[in-house]
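# With the input below, show me the fold.
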Amino acid sequence: MLACSSVHCFREDKMKFTIVFAGLLGVFLAPALADYNINVSDDNNNAGSGQQSVSVNNEHNVANVDNNNGWNSWNSIWDYGTGFAATRLFQKKICIVHKMNKEVLPSIQSLDALVKEKKLQGKGPGGPPPKGLMYSVNPNKVDDLSKLGENIAKMCRGIPTYMAEEMQGASLLFYSEKCFTTNILWIVNISFCGEEVAY
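Have a look, this model is predicted:
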């Protein structure tokens with residue numbers, strides 16, 4: 001057997017420790033930074049909701065919801081870093097951006113936990129009815145997408161983009177315009193109302 005000098009053995013032990021440490025760091029850090037995906041489908045599809053999938057990216061502080069329902073498909077991105085959310089309506093070929101109501105929308109940690117626990121699969125959690133938000137879409141197009149953050153700018157680039165303001169209280173009772181509603185994973189229903197979204 002070969003004997004090793006104390007310096008050579010020390011280097012080998014240090015290298016082994018570094019490799020083991022890097023491996024353990026990867027095992028424990030990867031789940032915290034990873035994307036989590038979940039697919040939710042409407043078995044009966046009576047209401048025409050199609051199939052939804054959600055992915056949570058903790059590293060970029062973003063959640064993405066895709067609703068695949070043919071021509072009525074839409075995609076929504078919730079950018080927790082900027083505080084803005086955007087929904088792209090494929091049939092209307094527009095993007096609608098609004099400030100996130102953090103009292104109604106789940107935190108990214110809550111959404112991430114629901115996804116990890118797969119509580120969003122199947123027919124819903126069976127809990128209370130989803131919360132609702134209603135937005136009035138401003139008819140003026142957004143000129144500068146960069147002020148809305150990189151993620152939203154990428155999603156809405158090249159298509160007309162509008163800002164929307166949340167409506168509350170009495171204005172909800174008297175609102176008569178047509179609305180497009182996104183039902184998001186039995187958590188929240190978001191309605192966008194205005195001429196731009198009327199069918």
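# What segments of the protein are helices?
Shown for the chain, the helices assigned by DSSP state H span residues 6-33, 108-116, 150-156, 170-173.
# Please report how far Ala86 lies from Ala113.
24 Å (Cβ to Cβ, to the nearest Å). Bear in mind the C-beta positions are built from the backbone N, C-alpha and C, glycine included.
# Those two: which has the busier surroundings?
Per other Cβ atoms under 10 Å, whichever of Ala86 and Ala113 has more neighbours is Ala86, with 23 against 14.
# my read: that one touches Ile77, true?
Yes. Assessed by Cβ atoms under 8 Å, Ala86 is found in contact with Ile77 at 5.4 Å.
# list residues touching both of the two?
Common neighbours of Ala86 and Ile77, using Cβ atoms under 8 Å, 6 or more residues apart in numbering, are 152, 155.
# follow-up on the earlier one: mean pLDDT lowest for which of the helices of the chain?
Lowest mean pLDDT of the helices of the chain: helix 6-33, a mean of 48.
# ok, longest strand in this structure?
Longest strand in the chain by number of residues, with DSSP state E as the criterion: strand 131-141.
# Which other helices and strands does it contact?
Applying 3 or more Cβ pairs under 8 Å, 6 or more residues apart in numbering; DSSP states H and E, one finds that strand 131-141 contacts strand 94-99, strand 161-166, strand 188-193.
# Out of those, which is the most enclosed?
Ranked by mean neighbour count, those are led by strand 94-99 with a mean of 23 (mean count of other Cβ atoms under 10 Å).
# what's next to it, contact-wise?
For strand 94-99, the external contacting residues (Cβ under 8 Å, 6+ apart) are 83-89, 135, 137, 142, 148, 152, 155-156, 159-166, 192, 196-197.
# what's the neighbour count on Ser146?
For Ser146, the neighbour count with other Cβ under 10 Å is 9.
# Please tell me I have it right and it contacts Ala153.
Yes. Judged on Cβ under 8 Å, Ser146 makes contact with Ala153 at a distance of 5.5 Å.
# How about residues contacting the longest strand of the chain?
Contacts for strand 131-141 (Cβ under 8 Å, 6+ apart): 96, 98, 101, 104, 160-167, 171-172, 175, 177, 179, 187-197.
# how many neighbours does Tyr80 have?
21.
# shouldn't it be in contact with Asn61?
Yes. Contact criterion Cβ under 8 Å: Tyr80 and Asn61 qualify, at 4.5 Å.
# Pop out the phi and psi values for Gly158.
phi 90, psi 0 (degrees, to the nearest 10).
# quick one: it and Asn67, what's the gap?
Noted for Gly158: a distance of 21 Å to Asn67, by Cβ to Cβ.
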